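Participant: coords please:
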Amino acid sequence: MRAVLTLYFISFFHWDENLSTAVYHAFSALCYFTPVIGAIMADSWLGKYKTIIYLSIVYVVGHLIKSVGAIPSLGNQAVHVVLSMVGLFLIALGTGGIKPCVSAFGGDQFEEEHTSERSKFFSVFYLSINAGSLISTFVTPVLRGDVKCFGEDCYALAFGVPAALMVLALVVFIAGSGLYRKTPPQGNVLLEVCKCIGFAIKNRLKNRSHQIPKRDHWLDWASEQYSKQLIAEVKMVTRVLFLFLPLPMFWALFDQQGSRWTLQATKMNADFGIYVLQPDQMQFLNPLLILVFIPIFDLGLYPLISMCKFNFTPIRKMATGMILAGMAFGLAAIVEVKINETDMPQLVPKESLIQVLNLAKNPVQVTIQDQNLFQQPVEAFQNPDEYSHLILNGEQQSLRFILQHQGSSLAFNYTVKEKSVYSLIVFEAEGSLSSRLITDLEAKPENGLAAVRFINGLSQDVNLTIDSKQFIPVQRNYGVSGYSLVERDTYDNGKCITETGEFTLDLGLLDFGASYTVVITNVSGGGVQTWKSEDIKANNVHMAWQLPQYLLISAGEVMFSITGLAFSYSQSPASMKSVLQAGWLLTVAVGNTLVLVVAQAAPMAQWAEFVLFTVLLFAVCIIFSIMGYFYVSVDPEDLEEKEEKRETPSRGNMISLVTQKTKL
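Facilitator: From the prediction side, this is the model:
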């Protein structure tokens, strides 16, 4: 569902890219905050089995509400937004709540002595997650873009199908109820950890007097209320959680595959010859590459590095993953710069853009008051290379246009507004030269669509159909239609209906992101003669150029995510695994929050934002490497034994006796 979410905000709600990105990452962050709620519900109240069932129902209801909110005919914009936000909240609560329960419930099905079988289960479980992600990121965009409903992209279907599949999965899960081992709730260790830390801080602040002896560790101030074992285990966890502090920056970059990278793909050429990819389908590369990279790294790369006698520690692997992710965003910035070369020039105050379309039979010299433009005559039906800049003396200005044609000179006055784009149409009417100033698109069509408008050079009105769906009336004698947005395709079977009959309209290829002006010049022989001008250049950077950045960030995920989870688990006692899992998921939530803040607080050119995130991740990588250099790996069992041997101060409201160490 997340694969199509950003485009849903842009095309359905008509939000801008920054707002769409911010809401997307707010939803993603919520999906990784809510696992804490799911863990507390499962361990303290309902148990894992019931929590999975109840929150799965919440998840399904959220998808249904989201699907209903995507029906265009249902209510106004406010209704759609409210339904969508309620649906997204329920989806986040459902999907986040079952995250810590599903894998743990699967692990509960194995006895303690069946460690190898449990390990195989987790491998299959992780494989299934990525396989599901691979299928969904490829199929959901197809449901959105290739299936049409209500006259446009079918977001209702894209949101509704996951709900139906989740219902099916839930039925299968409940059908096996009698086969499961259901561990009753035994209290949530995360709450105990939080209470222990809170009491230690509170007790330390209450006993700030210099007369009170210091303690070896700040968590020792919890010894009045909590056991030595719990305090020792919390100490181990806090050491690892401290290492987690720089990690959100990696996720800030990684999760932009569904927002900024998808938006980048909408401005690229998606034609792969045998198949035209949807922009949001490129995300399927990540789970696909993960499935490929895991065995390559585990069975090939890591053993090879080990044979070279290089100590590739978990900290070094994670730092390498950060570097790879930063490099991926560096490549994304380069691709963005190349994409911008086909964009319209940036519009600024007291400036506009203009081009001349000469539809007369002979060259025309165009002179504009106070402007030094169009030094050479404009040839008949000459396709303009680019727009020219008009410098104005205010927000708008009346300019005199002088047209010289076959020895005659004609003048026309037009009012030009700042930050606008114009085409000056020059044509012959009733034996003399005439002109018309029309407004053009100020930016590329969104989502890889093509824009086309028509100028009717005939002496009779015409009605046009492009793809049997759009009906476009255009008045006679150089009347101009509005723009129509169409999917990228070859349109060779349109219709042009005039007073004298119906004719075939062949527009040829209307390409990704381009804007066209099509002039109808004549009708004869059953067909329409046209001239097509490409006003805004088509997307000429191919989507395949995103492949290197996906390769790098997927390799970075394998080194960072899988290694990080394994390392953190190895550094914590068995009773604290769920705490570290919650801490790990919270780093993802904080990372998405960082993107939200940057998108809203510091809007900038997209390539500059990519560079900013690259620099930030490299800086964080250096900090993490320094922290990792001073981190000493421990065996939790050994550390527990040391804690048990330590002497503990006597309990009481105030500390009066401590063990004194005397040098002999």
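Participant: for the residue nearest to the spatial centre of the chain, give me its contacts.
Facilitator: Central residue of the chain (C-alpha atoms, centre = their mean): S259, 1.5 Å from the mean position. The contact partners of S259, by C-beta atoms under 8 Å, 6 or more residues apart in numbering, come to T6, S20, T21, Y24, H25, V595. Quick note: C-beta positions are derived from backbone N, CA and C, even for glycine.
Participant: what is the nearest of those residues to G508?
Facilitator: Of all the contacts of S259, G508 sits closest to T6, with 31.1 Å by C-beta to C-beta.
Participant: ok, and for stretch 596-612, which residues are buried?
Facilitator: Within stretch 596-612, the residues that count as buried by 16 or more other C-beta atoms under 10 Å are L596, V598, A599, Q606, W607, E609, F610, V611.
Participant: what does it contact?
Facilitator: Contact partners of stretch 596-612, identified using C-beta under 8 Å, 6+ apart, comprise 18-19, 21-22, 25-26, 29, 260, 263-264, 329-330, 332-334, 336-337, 340, 613.
Participant: and after the strand or helix carrying L165, which helix or strand comes next?
Facilitator: Per DSSP states H and E: L165 is located in helix 155-175. Downstream of helix 155-175, the first helix or strand assigned by DSSP H and E is helix 189-206.
Participant: what residues sit buried inside that next one?
Facilitator: V189, L190, E192, V193, C196, I197, F199, A200, N203, R204.
Participant: look up how far V486 lies from A514.
Facilitator: 11 Å (C-beta to C-beta, to the nearest Å).
Participant: still on that earlier bit, how far away from the center of its chain is the helix holding L165?
Facilitator: 23 Å (C-alpha atoms, centre = their mean, to the nearest Å).
Participant: before we move on, what about stretch 146-158?
Facilitator: Distance, centroid of stretch 146-158 to centroid of chain: 21 Å (C-alpha atoms, centre = their mean).
Participant: and if you look at stretch 381-401?
Facilitator: 37 Å.
Participant: in ChimeraX, select just the buried ones from the contacts of stretch 596-612.
Facilitator: Buried residues within the contacts of stretch 596-612, by 16+ other C-beta under 10 Å, are selected in ChimeraX with:
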select :18,21,22,25,26,29,260,263,264,329,330,332,333,334,336,337,613
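Participant: just the contacts of stretch 596-612: which are in helices?
Facilitator: Counting by DSSP state H, the part of the contacts of stretch 596-612 found in helices is 18-19, 21-22, 25-26, 29, 260, 263-264, 329-330, 332-334, 336-337, 340, 613.
Participant: what's the mean pLDDT across the one helix or strand E534 maps to?
Facilitator: Of the helices and strands defined by DSSP H and E, E534 is found in strand 527-536. For strand 527-536, mean pLDDT rounds to 90.
Participant: any chance you could map the helices in the stretch 451-600 of the chain?
Facilitator: Here the stretch 451-600 of the chain has its helices, by DSSP state H, counting those that start in this stretch, at 547-557, 563-570, 577-601.
Participant: Throw these into a markdown table and include distance to Y155 and mean pLDDT, thanks.
Facilitator: Formatted as a markdown table, the helices of the stretch 451-600 of the chain follow (distance: least, C-beta to C-beta, whole Å; pLDDT from 0 to 100):
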| stretch | distance to Y155 | mean pLDDT |
| --- | --- | --- |
| helix 547-557 | 25 | 95 |
| helix 563-570 | 34 | 77 |
| helix 577-601 | 22 | 85 |
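Participant: tabulate these (TSV), appending distance to G501.
Facilitator: Below are those laid out as TSV (distance: least, C-beta to C-beta, whole Å):
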stretch	distance to G501
helix 547-557	50
helix 563-570	70
helix 577-601	54
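Participant: just tell me which of the ones you listed ends up closest to Y631.
Facilitator: Among the helices of the stretch 451-600 of the chain, helix 563-570 sits nearest to Y631 (C-beta to C-beta), with 10.0 Å.
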